[in-house]
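Q: model the following, please.
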Amino acid sequence: MELSQQKIEGLIDQLDSHGVPQIRRIYQARNRITEQGNKLGIFSGSFNPMTISHVEMIHAAQSRFELDEVLLVLAKANVDKEVFGLPLTKRLITLSYYAKKQGNFSVAVSSHGRYIEKIEALKSVFPSKTEFYFIVGYDTFVRIFDCKYYTDIYAELDQLFSQCRLIVANRGNHDAKAICDFLSFPNRQVYADKIDLIGLSDFHADVSSTDIRSRLESGQSISDLVPAEIKQLVIDYYQKAINRSHHM
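A: Down below sits the predicted model:
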């Protein structure tokens with residue numbers, strides 16, 4: 001299934017960030033989950049743009065946990081930051097272009113940003129007993145435990161971890177020890193058995209979408225930082241966005 005830009009914009013408009021959490025599929029994998037009890041890897045990010053670090057995190061998670069499908073998710077409402085850079089539609093098209101080159105990658109947009117709300121939305125569109133594995137980097141992992149995103153943090157964390165696992169990757173200077181140290185506090189340690197670590201090389205741990213956007217702004221190469229399948233699309237989209245901003 002592949003949607004036009006107009007249809008994608010229509011699906012985004014249908015999502016109510018203040019209503020019941022919902023998710024809309026933008027691209028469905030050829031080898032998608034259709035039966036109960038399969039494993040779904042969920043990578044929810046801003047993908048502004050998708051980087052080789054995202055890909056490495058996914059490959060590491062797939063290799064270790066034998067995920068049946070990987071879902072790349074963008075949120076209409078992001079709890080951490082305003083939408084910036086390319087519009088959601090362009091990012092979803094870029095992700096879909098990448099997913100088409102894979103066997104079991106899908107793309108979706110969610111109405112809500114919090115993971116507990118994404119779980120609620122995912123349960124409505126995937127078969128019962130689907131096992132949910134969220135793939136996250138260190139920064140996102142830490143934010144999941146930030147009380148400012150919750151009304152009753154531990155009740156909601158209990159609910160979240162009763163329905164999913166976290167696969168956490170080192171990012172920047174935050175290595176496996178930093179992750180373990182963060183989990184060493186008693187009120188977090190209770191969830192440690194639902195959290196698994198994957199390791200990125202120092203090079204991949206340091207690659208960020210921010211750095212890629214800076215390179216694009218200054219006309220530098222991004223060939224070693226984004227997946228080859230979407231390199232030219234990323235360059236074209238961002239160059240148009242940069243040109244528009246310079247003429248405003």
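Q: and the longest helix belonging to the chain, what other elements does it pack with?
A: Scanning the chain for the helix with the most residues, using DSSP state H, yields helix 231-246. Helices and strands touching helix 231-246, as assessed by 3 or more C-beta pairs under 8 Å, 6 or more residues apart in numbering; DSSP states H and E, comprise helix 88-100, helix 209-217. All C-beta atoms are positioned from the backbone trio N, CA, C, and that covers glycine.
Q: and the angle for that helix with helix 209-217?
A: Using axes from the mean of the first three to the mean of the last three C-alpha atoms, to 10 degrees, the direction of helix 231-246 lies 70 degrees away from that of helix 209-217.
Q: skip the chain neighbours and tell me the closest residue to the residue nearest to the spatial centre of the chain.
A: The chain has Ser44 as the residue nearest its centroid, 2.0 Å off, counting by C-alpha atoms, centre = their mean. With C-beta to C-beta, 6 or more residues apart in numbering as the criterion, Ser44 has its nearest non-adjacent residue at 4.1 Å, and that residue is Val73.
Q: hey, what's the one you found bridged with?
A: Note on Val73: beta-bridge partners Ser44, Ala108, judged by DSSP bridges.
Q: CA atoms only: put the helix or strand of the chain with the lowest mean pLDDT into CSV for me.
A: Taking mean pLDDT, DSSP states H and E as the measure, helix 231-246 is the helix or strand of the chain with the lowest mean score, a mean of 84. Presented in CSV, the C-alpha positions along helix 231-246 are these (Å, rounded to 0.1, in the frame of the first residue of the first chain):
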residue,chain,number,x,y,z
LYS,A,231,20.0,10.1,0.2
GLN,A,232,18.9,11.9,-2.9
LEU,A,233,15.4,12.3,-1.7
VAL,A,234,16.6,13.8,1.5
ILE,A,235,19.0,16.2,-0.3
ASP,A,236,16.2,17.3,-2.7
TYR,A,237,13.6,17.9,0.0
TYR,A,238,15.9,19.8,2.3
GLN,A,239,17.5,21.9,-0.4
LYS,A,240,14.0,23.0,-1.4
ALA,A,241,13.2,23.8,2.2
ILE,A,242,16.4,25.7,2.6
ASN,A,243,15.8,27.7,-0.6
ARG,A,244,12.3,28.6,0.6
SER,A,245,13.6,29.8,4.0
HIS,A,246,16.2,32.0,2.3
